[in-house]
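Enquirer: Below: sequence and its predicted model.
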Amino acid sequence: MMDHSRRNFLKTSACAAGLCVAGPLAVAEAFSADESGHPSGRLVPFPLASVRLAPGIFQEQEEINARYLDSLTVDRLLHSFRITAGIPSSATPYKGWEDPTCELRGHFAGGHFLSAVALASAASGNTVLKSRGDELVSGLDACQKKIGTRYLSAYPTELFEHLAQGKPVWAPFYTYHKIMAGLLDMYLLSGDADALRIAEGMGQWAHEYFWGISADQRQRMLRTEYGGMNEVLANLAAVTRKERYLDAARLFEQPSFLDPLSERRDELQGLHANTHVPKIIGAARMYEVTGDRRYRDIAEYFLAEVLAARNYVIGNTSLDEHWKTPPDQLKGTLAWTNAECCVAYNLMKLERLVFGWTADARWMDAYERALFNCRLGTQNSQGLKQYFFPLAAGYWRAYNSPEESFWCCTGTGVEEFAKFADTIYFRRGAEIYVNQFIASTLDWKEEGIGIQQSTRFPVEQGISFKVSCAKPHARAIHVRIPGWTSGAEIKINGRTLESVADPGSYLAIRRVWRDGDTLTVGLPMELRQEPLPGDASVTAVLYGPLVLAAKLGAAPTEETSRVIHSGETVPKNLPPPEKLPEVKVAASKDSVKPETWVQVDSSADLRFKASGASGSLDLTAMYKIRDERYSVYLQTEGSKEQS
Ligand SMILES: [Zn+2]
């Protein structure tokens, strides 16, 4: 146990998690002071209101996502909440996982949607989406008041009784978590005070309901997916400084899952990935809120293990939504149903938290890997999102329908594409950390300093920063030097720095900054390869942070193969995968430079060529693959066993 009292952790932890905002919120302001109990050394993100994306691929994707959110209407989103509360609704309900007969209804309509519009309004000043969120909160408020027990959901409490009695039911607490999280986001990011009151009511209902159940029965109920109930209750405790929510969070802990991790044992085989990553995010927040080191050990071990032993090269994990193999054994697991997108969203959330404790660049390298390879590119031009990320050869991208799917990955997707600004810049005390290379501006009003980051990264292998400040500022700016570069070059006002930090660390530049000072960072990209864990004969190629994919011809053009108009998550009538494209290189167990068999055609266009067994293969960055069949993995001249 650290030497910080529980009370002080409660006071400070909301800010540490980025859960405090400057503004007219009395409760949140109480957390903004850096009091004596602040866990020193922790890095925290800048509030979204301080960061704006500048024109570039991320801003373009943010705007596409905002247009999709704007296409959804509050009356239709509220339909099942109103029916459940006994309030008439003549709106046409949405379908898929929001259908009035689906046991997950409300997870998107009253949960992810609220989080997404809260993020969008804070990150880009989108007032239309802010008012849409406020209107939805007001509708949810009326439903909760009508029910009268502080319970709020789009389905009746009967589903919780099914869970308690061991009857078949999907995941009522999972949905409940999403709604509470959406309301907290509306409070913290959008300043909607009603949203906090509603979320507190929901937290009290959940606490009382679950407290009234025996410990044994609770553990049985927790075998069913419950999202991040522990996380949202810890967040509620941090925001309100009420310990009862911490007590409630502890009711959602599973020793059977956490104990092996605390002993650094990987017993993940057989588990459902997206059921379990949120539980670790909850543990991470419990560390931040209580200071109990055991939670931190669990989170750090879990994240390191999944990234090292269970991830595919794109930065995500899972087959058929599960961890199906022992660690380091992904041989034979390439399929359509790889790497469920919401798992990447949750892993990145965890990477961001663990980075805050350690300042270790490896976590931001991992974040970048996922961001550029399995988040960017998973939204189409209509704002529709992917569910699975196929990694077998010859498949293509498929998306949810606008109004008939509403998967978990639709929900985490609309959040992800609204919050690209949330991890670019962190701070520790007065020091600034530049984590991600995305065209943007940071305006730190309280300190009177700003940074304009200009780049077309990754099609440009460099970034320039311009500092603005009313008066000279002595301050350290830390810039991530990614693990993938070997020749970083730094210039301040045009003069080259003689020493640069090692790849995979942060370069600290301490100086008196003056208005207009420039910092340029050159990050040359090189080709390298990474074998599939457990099968050295199957390899993937990277260029800097970018995973390359072989282009295998046009994707099917019929609508049903590209957009899934139901709650199903895989297109019907999928053909079997193709054989992996063969390349002229011997298998290697180690990462080697693949210059002998891959050439850069154009770094500006991200075009590459590989020597294939039957002619040359065209490769490009995976994120640029839109309407083509592809293969991320390639078969070397090794054993050529099927993967
Ligand atoms: Zn999902």
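Expert: Yes, it's here.
Enquirer: where's the nearest residue to Gly413 once chain neighbours are set aside relative to Asp320, distance?
Expert: Residue nearest to Gly413 in three dimensions, not counting chain neighbours: Lys385, with 3.3 Å by C-beta to C-beta, 6 or more residues apart in numbering. The way it works is simple: take the backbone N, C-alpha and C, and place the C-beta from them, glycine included. Computed as C-beta to C-beta, to the nearest Å, the Lys385 to Asp320 distance reads 19 Å.
Enquirer: now Thr412
Expert: 18 Å.
Enquirer: what about the two, which has more around it?
Expert: Neighbour tally, Thr412 and Asp320, criterion other C-beta atoms under 10 Å: the higher count belongs to Thr412, 27 against 15.
Enquirer: Can you tell me the element the more buried one falls in?
Expert: Here Thr412 sits within helix 408-416, counting by DSSP states H and E.
Enquirer: show me where the stretch 401-550 of the chain has strands.
Expert: For the stretch 401-550 of the chain, the strands defined by DSSP state E, counting those that start in this stretch occupy 425-428, 431-434, 440-444, 449-454, 462-469, 473-481, 489-492, 495-496, 505-513, 518-522, 527-532, 535-543, 546-554.
Enquirer: what about those, which gets the closest to Asp192?
Expert: Closest approach to Asp192 among the strands of the stretch 401-550 of the chain (C-beta to C-beta): strand 440-444, 23.4 Å.
Enquirer: Which elements pack onto that closest one?
Expert: When contacts are defined as 3 or more C-beta pairs under 8 Å, 6 or more residues apart in numbering; DSSP states H and E, strand 440-444 sits against strand 51-53, strand 425-428, strand 449-454.
Enquirer: Name all residues that make contact with the closest residue to the ion within the stretch 501-643 of the chain.
Expert: Going by C-beta to the ion, the ion is nearest to Thr569 of the stretch 501-643 of the chain, at 7.9 Å. Contacts of Thr569 were listed using C-beta atoms under 8 Å, 6 or more residues apart in numbering, and they are Tyr387, Phe388, Trp407.
Enquirer: From Arg480, how far out is it?
Expert: Between Thr569 and Arg480 the computed distance is 35 Å (C-beta to C-beta).
Enquirer: What residues sit buried inside the longest helix belonging to the chain?
Expert: The helix that spans the most residues within the chain, counting by DSSP state H, is helix 127-147. By 16 or more other C-beta atoms under 10 Å, the buried positions in helix 127-147 come out as 129-130, 132-137, 139-141, 143-144, 147.
Enquirer: what residue lies at the spatial centre of this protein?
Expert: Computing the C-alpha centroid of the chain and ranking residues by C-alpha atoms, centre = their mean puts Tyr345 first, at 2.5 Å.
Enquirer: Kindly list the main-chain dihedrals of that one?
Expert: Dihedral pair for Tyr345: phi -50, psi -50, per degrees, to the nearest 10.
Enquirer: Just checking the distance from stretch 212-227 to the centre of its chain.
Expert: Using C-alpha atoms, centre = their mean, to the nearest Å, the mean C-alpha position of stretch 212-227 is found 26 Å from that of the whole chain.
Enquirer: mind checking the end-to-end distance for that stretch?
Expert: Using C-alpha to C-alpha, to the nearest Å, the end-to-end distance of stretch 212-227 comes to 21 Å.
Enquirer: Now do the buried residues in it.
Expert: Buried, per 16+ other C-beta under 10 Å, within stretch 212-227: Ile213, Arg218, Met221, Leu222, Thr224, Glu225, Tyr226, Gly227.
Enquirer: Could you list which of the residues you listed belong to helices?
Expert: Counted as lying in helices by DSSP H, out of these, are Arg218, Met221.
Enquirer: Okay, now the unreliable bits of the stretch 201-350 of the chain?
Expert: Nowhere does the stretch 201-350 of the chain drop to pLDDT under 70.
Enquirer: so what's the closest residue to the ion within the stretch 201-350 of the chain up against?
Expert: Closest approach between the stretch 201-350 of the chain and the ion, counting by C-beta to the ion: Cys342, at 3.2 Å. The neighbours of Cys342, taking C-beta under 8 Å, 6+ apart as the test, are Asn274, Trp407, Cys408, Cys409, Gly411, Thr412, Gly413.
Enquirer: if you skip the residues just before and after it, what's nearest to it?
Expert: Once flanking residues are discounted, Cys342 sits nearest to Thr412: 4.0 Å by C-beta to C-beta, 6+ apart.
Enquirer: okay but that neighbour is in contact with Lys349, surely?
Expert: No: here Thr412 lies out of contact with Lys349, judged by C-beta atoms under 8 Å, at a distance of 9.3 Å.
Enquirer: Would you tell me which residues of the protein are close to the ion?
Expert: Glu340, Cys342, Cys408, Cys409 (C-beta under 5 Å from the ion).
Enquirer: which of those count as buried?
Expert: Among the residues of the chain next to the ion, the ones that count as buried by 16+ other C-beta under 10 Å are Glu340, Cys342, Cys408, Cys409.
Enquirer: Which residue comes closest to Ser318 once chain neighbours are left out?
Expert: Counting by C-beta to C-beta, 6+ apart, the residue nearest Ser318 is Ala273, at 4.0 Å.
Enquirer: Hmm, His322 and that neighbour touching each other?
Expert: Yes: the criterion here is C-beta under 8 Å, and Ala273 meets it with His322 at 6.3 Å.
Enquirer: out of these two, which sits in the more crowded spot?
Expert: Legend: neighbour count by other C-beta under 10 Å for Ala273 and His322, higher for Ala273 (24 against 19).
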